[in-house]
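Just need the structure, nothing else, for what follows:
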Amino acid sequence: MGSNPTSIADLAKTVSADPAKFKGKITTRDVSGSFGFTVSKGFVDGNPDAWSSLEKILPSARPETSSGTQIDKITSGEYLAGFFISSAVAFPQETKATGIFKFVYPKDGTVVLGRGIGITPKGPHPATAKLFLDFVLSEEGQNAVAEGGLTAYRDSVKQVEGRHTYQEIVDLAGEDAIIRVPYKVTSDADVKAFTDKWNGMLGK
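The predicted structure is shown next:
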């Protein structure tokens, strides 16, 4: 595909330059699923120019329900490119499929979804749960999070081969490109309006 796009806008230009080549050859996440909806709406909410790029890409795109499926179909050649793929799955694949698969943080909006953790009100062992929360948030726990394939948030966690940190994302994407998605409820009407618009543009 030539040089790798470094933004969703770059991908839009690449697709627009050769629509026939990319028709049905781009994968994105299915917005009917929670991850797909959240990352897609997060990008649109955080980038005022999002729709102008997406209207050029989505007619050539097909939705998939998981990052694993997206990556499998990219590496097999079914798709030429994909976007909104989870880094937890993409980083190991990039290492494994050197030269075939390249993962980038979009310069016009890298969506960061915080992983939620909490204690249920009726949990049988609240003290043990609190100890586990303390561990996950500690330096040791955040190193374990990174070793498990997720992104550590603490500044004290050092990025090494196979482990990734929030600061690494900032360094690669740029502070201005980070779109943090807040924990808040989206109304049913807003969900429907967004998914209808998104799906209406897809090249199904």
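
Tell me the buried residues in stretch 102-111?
103, 104, 105, 106, 107, 108, 109, 110, 111 (16 or more other Cβ atoms under 10 Å). All C-beta spots, glycine's among them, are computed from the backbone N, C-alpha and C.

Out of these, list just those in strands.
Of the positions in the buried residues of stretch 102-111, 110, 111 sit in strands, assigned by DSSP state E.

Of the buried residues of stretch 102-111, which is the nearest to residue 128?
Checking the buried residues of stretch 102-111 against residue 128 by Cβ to Cβ gives residue 111 as the nearest, at 33.1 Å.

hmm, back to that, from the buried residues of stretch 102-111, which single one is nearest residue 127?
Closest to residue 127, out of all of the buried residues of stretch 102-111 and judged by Cβ to Cβ, is residue 111, at 35.3 Å.

ok, now how distant is the nearest residue to the closest one once chain neighbours are set aside from residue 29?
Nearest non-adjacent residue to residue 111, counting by Cβ to Cβ, 6 or more residues apart in numbering: residue 42, 4.3 Å away. Distance, residue 42 to residue 29, by Cβ to Cβ, to the nearest Å: 11 Å.

List the neighbours of whatever helix or strand residue 136 lives in that are in contact with it.
Assigned by DSSP states H and E, residue 136 belongs to helix 126-137. Applying Cβ atoms under 8 Å, 6 or more residues apart in numbering, the contact partners of helix 126-137 are 117, 118, 119, 123, 141, 142, 144, 145, 154.

for the lowest-mean-pLDDT helix or strand in the chain, packing partners?
Least confident helix or strand of the chain, by mean pLDDT, DSSP states H and E, is helix 87-96 with a mean of 81. Under the contact definition 3 or more Cβ pairs under 8 Å, 6 or more residues apart in numbering; DSSP states H and E, helix 87-96 sits against helix 67-75.

Many thanks, have a good one.
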